[in-house]
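Colleague: generate coordinates for the sequence data below:
(one chain, ligands or ions: 1)
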Amino acid sequence: MTRRLRGILALAGLVAAACVAHRPPAAPAAPIDRTALAARVRDEFLFAWHAYQRFASGHDELNPVSRTPHDWYPPAVFEMTPIDAVDTMAIMGLTTEAAEARTTILDHLSFDVDVSVQVFEVNIRILGALLTQYQTTGDARFLDLAQDLGRRLLPAFRSPTGMPYRFVNLRTGATGGPVSNPAEVGTLILEFGTLSKITGQPEFYDAAKRALLELAHRRDPATGLVGSAIDVRTGAWTDTSSHIGGGIDSYYEYALKCQRLFGDADCATIWRDGIAAVNRYLADAGPGGLWYGVADMRTGRRTATIYGSLQAFFPAVLALGGDVPRAERLQDSGDRMWQLNGVEPEELDYRTMRVTDARYELRPEIIESAYYLLHDTHDPKYLEMGRTFLDGLVACCRTDTGYTTLTDVRTKAKGDRQHSFLLAETFKYLYLIFQPDAVDFDRVTFNTEAHPLTRTW
Ligand code: DMJ
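Modeller: The predicted structure is shown next:
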C-alpha cells in the first residue's frame, strides 16, 4: 500500500491498526466518529458471541484457537458466557440476542450440583448478572435463581472469624480454602447487599458486611494497609505484601461502591481510611509519572515497583471517589504501559519499564478507567484511548473464531481462552466510551464484573 493510499484510508478510518508497539502516526488520525466506533464494538462483540455459540454453546467459555469448550467446574456447567454477556447485549440494543441468552439461562441454570465453586467468581459473575436481570426485566425467575445461589453460598461464611472460605460446595455446603485474601473476602457486599435489599432478608447483607468489617479491622494499625493473604480461621495475615493488584483490588472498589449503593457509613470509613493509606504508602510519583507499587503492610516500606493490567482499574475508583486529578495521572501511566507493545502486559516494573509478566488476558480495567474519566472530564483524549484499546484488541487478539488471550504481548504469541469477562466487561466499557447514553451513569453502580446494579429500594 502506498503511503498516500494509506493516508487516505487512515483518514477514512479504514486501516486496521497493526499489532505493534505504538509509533507516531504516518497520517493524522481519523476524527473520532462515536457512532461508527460504537457500531464497530458491537460487531466485534457479536463476532465473539457467535464464535462462542458455534464452538462452545452449552459450556462456560470458548477456547478460540483449539475451537473447544472450557468449563470451570466439570461436570457442572453454568454457561458463564451467556450469563456474563446478557446485560451487555441489552445495553448494546441487541434485543434478540439478549432474549435468547435469557431463555438459555432460565432453561438451563441450576445450582443443585455437587461441585465446590470459588465464592468470589460465582458471586461477581453469576449472582451479579442474575440481580441485574431481575432489576432490568422484573422477571421473578431471576430473583429465585439469585436467592437460591445466595443461600447455597452462605455456608462459606461459617468460619471462626465470619470471613468466607474461598470455596463452597453448592449442594453440601462443605467449605475449603481457608487462606483467602482481601478481594475474595471483601467483594461480596454489592451482590449480597442487593439481594437483601430486594428480598427483605437481611442475612445476605449481614454476612457480607461482617466479612468486610472483620477484614478491615485487621488492617495494620500503624499504616492502615492490608496484606495479600489472610487465614479466615484465625484472622492472621499469612502474607503482608500490600498493593492494589489482583487479590486486593476490588476490596477497595467495593468499600467505595458499598457507600455509593447503600449509603453505608461503615463502608465509607473503610474506603476513606483505605484510600488514605494507599495514597500514602503505595502511590509512587516520579519523573516516570504516577504509579502504585508494592509495600509491606507492617512498615509501609516499598518492596516492589510492579503495576499491571489488573491495577489499571484504580483510576476508575479514584475518579469515582472524587480524586480526578490523580486518576488522570495514573491513567496516563496505564496508557504508556499499553503503548509499549500495542497491548498491555499483565505486569511491568514501572521503574525500568521492563515487562515482568508478559500475558494479556483480555482484561477490561484500563478501558473501564477511560470510561470513568471520559464521563468526569469530557476530555477527548479518553475517546482516543478507547480507540487505541479497541484497535489493539482487534489487531492482536482476534482470531478466525473468537478472541484469545496472549501468552506474550512482546511476540504476540496467542493463548487459547475467550474469558467470559470479555463480553461482560471489555466490550461493554468500550461500547460505553463511544455510546455513554446507553447507561445512566449516576443511577447505576457496576459490580466488579460490570453488571449494573440499581438502588431500587
Ligand atoms: C474480572 O473477573 C473482574 O473485573 C475482577 O474484579 C478482576 N478480574 C477480572 C477481569 O480482569
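
Colleague: in this protein, which ranges drop under the pLDDT threshold?
Modeller: 1-17, 22-27 (pLDDT under 70).

Colleague: residues of it that sit close to the ligand?
Modeller: Applying the criterion C-beta under 6 Å from any ligand atom, the portion of the chain that neighbours the ligand consists of 250, 363, 364, 365, 421, 425, 448, 449. Heads up, the C-betas are built off the backbone N, CA and C, glycines and all.

Colleague: is it correct that the fourth one is in contact with residue 307?
Modeller: Spelled out, that is residue 365. No. Using C-beta atoms under 8 Å as the test, residue 365 is too far from residue 307 to be in contact (11.3 Å).

Colleague: between these two, who's got more neighbours?
Modeller: Neighbour totals were compared for residue 365 and residue 307, and residue 307 leads with 28 against 24 (other C-beta atoms under 10 Å).

Colleague: so the more buried one belongs to a strand, correct?
Modeller: Yes. Under DSSP: H, G, I helix; E, B strand; the rest coil, residue 307 falls within a strand.

Colleague: show me what it is bridged to.
Modeller: Counting by DSSP bridges, residue 307 is bridged to residue 348.

Colleague: would you confirm that residue 163 contacts residue 180?
Modeller: Yes. Under the contact definition of C-beta under 8 Å, residue 163 touches residue 180, with a separation of 6.6 Å.

Colleague: what residues are shared contacts of these two?
Modeller: With contacts defined as C-beta atoms under 8 Å, 6 or more residues apart in numbering, the residues adjacent to both residue 163 and residue 180 are 230, 232.

Colleague: count of neighbours near residue 272?
Modeller: A count of nearby residues for residue 272, using other C-beta under 10 Å, gives 13.

Colleague: and residue 447, by the same measure?
Modeller: Counted with other C-beta under 10 Å, the neighbours of residue 447 add up to 28.

Colleague: give the contact list for the nearest residue to it once chain neighbours are set aside.
Modeller: For residue 447, ignoring the flanking residues on the chain, the nearest one in space by C-beta to C-beta, 6 or more residues apart in numbering is residue 128 at 4.3 Å. With contacts defined as C-beta under 8 Å, 6+ apart, the neighbours of residue 128 are 190, 191, 447, 449, 451, 453.

Colleague: for residue 128, give me the backbone phi and psi.
Modeller: When quoted as degrees, to the nearest 10, the phi and psi of residue 128 stand at phi -60, psi -50.

Colleague: and residue 74, by the same measure?
Modeller: In this entry, residue 74 is assigned phi and psi values of phi -60, psi 150 (degrees, to the nearest 10).

Colleague: please apply the same query to residue 289.
Modeller: Backbone torsions of residue 289, given as degrees, to the nearest 10, read phi 100, psi -170.

Colleague: that one and residue 335: what is the separation?
Modeller: With distances defined as C-beta to C-beta, to the nearest Å, the gap from residue 289 to residue 335 amounts to 10 Å.

Colleague: same deal with residue 65?
Modeller: Shown here: residue 65 relative to residue 335, a distance of 29 Å by C-beta to C-beta.

Colleague: now do stretch 415-427: distance to the chain's middle.
Modeller: Computed by C-alpha atoms, centre = their mean, to the nearest Å, the chain-centroid distance of stretch 415-427 equals 10 Å.

Colleague: CA-only coordinates of it in PDB, if you can.
Modeller: What follows is stretch 415-427, C-alpha atoms only, in PDB (Å, rounded to 0.1, in the frame of the first residue of the first chain):
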ATOM      1  CA  GLY A 415      -3.100 -18.300  24.300                       C
ATOM      2  CA  ASP A 416      -6.400 -20.100  24.000                       C
ATOM      3  CA  ARG A 417      -9.200 -18.600  26.100                       C
ATOM      4  CA  GLN A 418     -12.100 -16.200  25.500                       C
ATOM      5  CA  HIS A 419     -12.800 -15.300  29.100                       C
ATOM      6  CA  SER A 420     -16.500 -14.500  29.700                       C
ATOM      7  CA  PHE A 421     -15.500 -11.100  31.100                       C
ATOM      8  CA  LEU A 422     -14.500 -10.100  27.600                       C
ATOM      9  CA  LEU A 423     -18.300 -10.000  26.900                       C
ATOM     10  CA  ALA A 424     -19.300  -8.700  30.300                       C
ATOM     11  CA  GLU A 425     -16.700  -6.000  30.700                       C
ATOM     12  CA  THR A 426     -14.200  -5.400  28.000                       C
ATOM     13  CA  PHE A 427     -16.700  -4.800  25.200                       C
END
